[in-house]
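J.: Provided below are the primary sequence and the corresponding predicted coordinates.
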Amino acid sequence: MDRFLKALLIVMLLGTLSLPAYARIWGVAVTNFQFTPPNLTVTQGDTVIWTNAQGTHSVHYLGSPAGLFGNSAGAAPWIYSFAFNVSAGVYNYDCGVHGTSMSGSITVQTPSAVGAHNEAVTKDFELGQNFPNPFNSRTNLQFSVPYETNLKITVWDVLGKQAAVAFAGRVSAGQHVVNFDAGELTAGLYYYRLETPAATLTRKMLYLK
């Protein structure tokens, strides 16, 4: 099994398992010669997933020790994930192919440091706009929940037919990101819907194949 398939399997497993408190998944899109979002603040133990949808890029850690995280340069598509079981601090990185003109940073905080922040931003159910959008094959779906709950994210076509289930399981309070692979779908406009026992939220996204 090659590295891309292994990474994809990890993403699929993470998408079906319960996400415990202070162990979240964050998505970074590698597209248009930039990392989106370029800067993230995560908690110790969180996993960041980089998804390269186009071009030849890499994730290259700039600090010490060299090679703490990152992948080798490769043409799209690829997925790279890293669990930040590291000391609190700022971890700067760039694209090993294009240098610091294409860069980002991961700020890692302890669970106690971000507890108050999480409470402030998750007083209600939220469903963010997917990124990238429009997208080619893969995109990241962001959402926040104010308390632990069962949750499902489904994808629907413009005719009102369910096309896919992006996530189904139990999540902890806080912010989460799920990577969705639309490779089996036809190109077009879709709706993605977050459903819990207490709320239903819907947004649009455009799939360009």
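T.: Ah, there it is.

J.: just the helices from this protein, written as ranges.
T.: Ranges of helices within the chain are 3-16, 111-121, based on DSSP state H.

J.: go through those and find the least confident stretch.
T.: For the helices of the chain, mean pLDDT drops lowest on helix 3-16, to a mean of 43.

J.: relative to residue 100, how far out is residue 91?
T.: Distance of residue 91 to residue 100, given as CB to CB, to the nearest Å: 14 Å. Every residue, glycine included, has its C-beta placed from N, CA and C.

J.: who has more neighbours, these two?
T.: Neighbour count, other CB atoms under 10 Å: between residue 91 and residue 100, residue 91 has more, with 21 against 11.

J.: in the sheet, who's paired with the closest residue to that one other than its chain neighbours?
T.: Counting by CB to CB, 6 or more residues apart in numbering, residue 106 is the residue found nearest to residue 91 once chain neighbours are left out, at 4.5 Å. Per DSSP bridges, the residues bridged to residue 106 are residue 40, residue 91.

J.: residue 106 and residue 39: what is the separation?
T.: Note on residue 106: its distance to residue 39, by CB to CB, is 8 Å.

J.: neighbour count winner among these two?
T.: Between residue 106 and residue 39, counting by other CB under 10 Å, residue 106 is the more crowded of the two (22 against 13).

J.: is it true that residue 203 touches residue 130?
T.: Yes: the criterion here is CB atoms under 8 Å, and residue 203 meets it with residue 130 at 7.1 Å.

J.: okay, those two: which has more neighbours?
T.: Each of residue 203 and residue 130 has its neighbours counted (other CB under 10 Å); residue 130 has more, 25 against 17.

J.: surely the more buried one and residue 205 touch.
T.: Yes: if you go by CB under 8 Å, residue 130 and residue 205 touch, sitting 4.7 Å apart.

J.: where do the contact lists of the two overlap?
T.: 139, 192 (CB atoms under 8 Å, 6 or more residues apart in numbering).

J.: before we move on, the earlier item: common neighbours of residue 106 and residue 39, please.
T.: Joint contacts of residue 106 and residue 39 (CB under 8 Å, 6+ apart) do not exist.

J.: tell me the bridge partners for the spatially most central residue of the chain.
T.: In the chain, the residue lying closest to the centroid (CA atoms, centre = their mean) is residue 27, at 2.1 Å. For residue 27, the beta-bridge partners under DSSP bridges are residue 49.

J.: then residue 79?
T.: On the basis of DSSP bridges, residue 79 is bridged to residue 51.

J.: gap between the residue lying farthest from the centre of the chain and residue 186?
T.: In the chain, the greatest distance from the average C-alpha position (CA atoms, centre = their mean) is reached by residue 159, at 27.6 Å. Using CB to CB, one gets 12 Å for the distance from residue 159 to residue 186.

J.: can you check residue 149 too?
T.: Distance, residue 149 to residue 186, using CB to CB: 32 Å.

J.: burial count for residue 44?
T.: Neighbour count of residue 44, defined by other CB under 10 Å: 18.

J.: let me fix that, I meant to ask about residue 129.
T.: So residue 129, with other CB under 10 Å, has 13 neighbours.

J.: my read is that it contacts residue 202, right?
T.: No: if you go by CB under 8 Å, residue 129 and residue 202 don't touch, sitting 11.8 Å apart.
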